[in-house]
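[1] my questions concern the predicted model and sequence given below.
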Amino acid sequence: MDYTVNVHKVAPQWVAAAHGQANAGEVSATMLGLLGKAWAFVKQSGVKSDGHNVAIYKGRAIDAGARVFEKFEGSGEIACVATPSGLAASVVHMGPYEQLGKAHAAIRDWCAAKGHAMEGTSWEIYGHHEDDPALRRTDVFYLLRS
């Protein structure tokens, strides 16, 4: 897949998220567990979500959960966190989640070629579930240094 990298200012978005850590080979399993905890909280608490999953990465740390419409008071394992804000490089990935590494590599390669320094935080916003993996949309972002 060819990726077009866009650079734009992004605003924070609220996420009902669980926090965890994972090594390279554990990211998918860890993220799915965190999403399960977050969605259980959303359903039980009545916090309103738009149905999109979000994962925020900083090193080995992962905050994953449901994008929500407004800030709320966290409880237990669930916190209200915000996606980063500021200047970000992004791509749209269409296809299986197993191929998301290509989208991340495209942004990192583009930033290196264009001289953009990355701050160290990336995040993914997942479109609504599609049974056909080719139709799955994931927006991938990297926060850039100002």
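    Arrived safely, thanks for sending.
[2] wait, what's in contact with the most centrally placed residue in the chain?
    Central residue check for the chain by CA atoms, centre = their mean: the C-alpha nearest the mean position is that of Glu124, 2.4 Å away. Neighbour list for Glu124: Val54, Ala55, Leu100, Thr138, Asp139, Val140, Phe141 [criterion: CB atoms under 8 Å, 6 or more residues apart in numbering]. (C-beta placed from N, C-alpha, C; glycine too.)
[3] and the least confident of those residues?
    Across the contacts of Glu124, the bottom pLDDT score, 95, is held by Leu100.
[4] for the helix or strand containing it, buried residues please.
    Using DSSP states H and E, Leu100 maps to helix 100-114. Residues Leu100, Ala103, His104, Ala106, Ile107, Arg108, Trp110, Cys111 are the ones in helix 100-114 that count as buried (16 or more other CB atoms under 10 Å).
[5] with distance to Val81 added, can I get those in CSV?
    What follows is the buried residues of helix 100-114, written out as CSV (distance: CB to CB, whole Å):
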residue, distance to Val81
Leu100, 21
Ala103, 22
His104, 20
Ala106, 26
Ile107, 22
Arg108, 23
Trp110, 27
Cys111, 24
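[6] Ala88: which of those is nearest?
    Among the buried residues of helix 100-114, Ile107 lies closest to Ala88 (CB to CB), at 9.4 Å.
[7] quick one, what contacts the closest one?
    Counting by CB under 8 Å, 6+ apart, the residues that Ile107 touches are Tyr3, Val5, Ala89, Ser90, Val91, Ser122, Val140, Tyr142.
[8] with Ala16 instead?
    The contact partners of Ala16, by CB under 8 Å, 6+ apart, come to Ala38, Phe41, Val42, Val47, Ser49, Gly65, Ala66, Val68, Phe72, Ile78, Cys80.
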